[in-house]
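Student: here is the input, now give the coordinates:
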Amino acid sequence: MGELKDMGLKDKVIWITGAGTGIGEAAALAFAKDGAKLALFGRRANMLDGVAQRAQAAGAEVEIFADRHKLGIELL
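Tutor: Residues are numbered from 1 along each chain as shown. As a prediction, the model looks like this:
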């Protein structure tokens, strides 16, 4: 898979759900390389921590949000 071109996301805030693994993780790391600020959401804080560390190493500002119960989010 080749490198992505500049997506023009520098300093834009991107919310990513399922950011701890798979497509969400890949998107987070790609957006981090483009200079986006990331809000990473997922169920497993330990997985989000690893993604956040790699995104920060790529230069992104990152906040993580894990476990919907701690966020006070109710499912309908």
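Student: and the closest residue to residue 67 other than its chain neighbours, how far is that from residue 52?
Tutor: Closest residue to residue 67 apart from its sequence neighbours, by C-beta to C-beta, 6 or more residues apart in numbering: residue 43 at 6.4 Å. C-beta here means a position set from N, CA and C on the backbone, and glycine is covered the same way. Look at residue 43 and residue 52: by C-beta to C-beta, to the nearest Å, they are 15 Å apart.
Student: the two: which has the busier surroundings?
Tutor: Taking other C-beta atoms under 10 Å, residue 43 and residue 52 do not tie; residue 52 has more neighbours (21 against 12).
Student: so the more buried one makes contact with residue 40?
Tutor: Yes: using C-beta atoms under 8 Å, residue 52 makes contact with residue 40 at a distance of 6.1 Å.
Student: give me the common contacts of the two.
Tutor: 62, 64 (C-beta atoms under 8 Å, 6 or more residues apart in numbering).
Student: flag every buried residue along stretch 27-34.
Tutor: By 16 or more other C-beta atoms under 10 Å, the buried positions in stretch 27-34 come out as 27, 28, 29, 30, 31, 32, 33, 34.
Student: residues touching it, excluding its own?
Tutor: Contacts to stretch 27-34, defined as C-beta under 8 Å, 6+ apart, come from residues 4, 6-10, 14, 16, 19, 38, 40, 51, 54-56, 58-60, 62.
Student: which one of the buried residues of stretch 27-34 is nearest residue 66?
Tutor: For those, the minimum distance to residue 66 (C-beta to C-beta) is 13.7 Å, reached by residue 28.
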